[in-house]
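Engineer: sequence and predicted structure are below.
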Amino acid sequence: MKIIIVGIGKLGEYLVRNLVKDGNEVTLVDTDFTTPLEIFRLVQNIYVIQDMDILNLMPITMFLRELKHRDVDITK
């Protein structure tokens, strides 16, 4: 199953660990740059954004999709 988790507090970490362990494809959307790298390694897609304002989120999401479509490595 494909699952999106928005926010990665303690509950989000718990959900990521268990959902990935159960074989789900997890996408993470977060504004916190202090999320443990272990969590980022577990998920299939990561979107770290400046804020959750929908007017800012949509252009950033489209930009990241375009990079992915063009096979640009954004993991570095």
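Structural biologist: Arrived safely, thanks for sending.

Engineer: only C-alpha atoms for contact and neighbour calcs from this point on.
Structural biologist: Noted.

Engineer: what about residue 46, neighbour count?
Structural biologist: 20 (other C-alpha atoms under 10 Å).

Engineer: did I read that right, it in a helix?
Structural biologist: No. Under DSSP: H, G, I helix; E, B strand; the rest coil, residue 46 falls outside any helix and is assigned strand.

Engineer: hey, where'd the strands end up in the chain?
Structural biologist: According to DSSP state E, the chain carries its strands in the segments 2-6, 25-30, 45-48.

Engineer: quick one: low-confidence parts of this structure?
Structural biologist: 32-33, 47, 49-57, 72-76 (pLDDT under 70).

Engineer: deepest of the strands of the chain, which one?
Structural biologist: Across the strands of the chain, the average number of neighbours (mean count of other C-alpha atoms under 10 Å) peaks for strand 25-30, which reaches a mean of 19.

Engineer: pull up the pairing partners for it, direction included.
Structural biologist: According to DSSP bridges, strand 25-30 has the following sheet partners: strand 2-6 (parallel), strand 45-48 (parallel).

Engineer: tell me, how many residues neighbour residue 43?
Structural biologist: 20.

Engineer: next, the contact list for it, please.
Structural biologist: 16, 20, 25-28 (C-alpha atoms under 8 Å, 6 or more residues apart in numbering).

Engineer: which of those sit farthest apart?
Structural biologist: 20 and 28 (11.7 Å; C-alpha to C-alpha).

Engineer: I'd say residue 2 and residue 22 touch.
Structural biologist: No. Using C-alpha atoms under 8 Å, residue 2 is not in contact with residue 22, being 11.7 Å away.

Engineer: can you list the contacts of residue 43 in TSV and add distance to residue 8?
Structural biologist: Putting the contacts of residue 43 into TSV (distance: C-alpha to C-alpha, whole Å) gives the following:
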residue	distance to residue 8
16	9
20	14
25	16
26	12
27	11
28	8
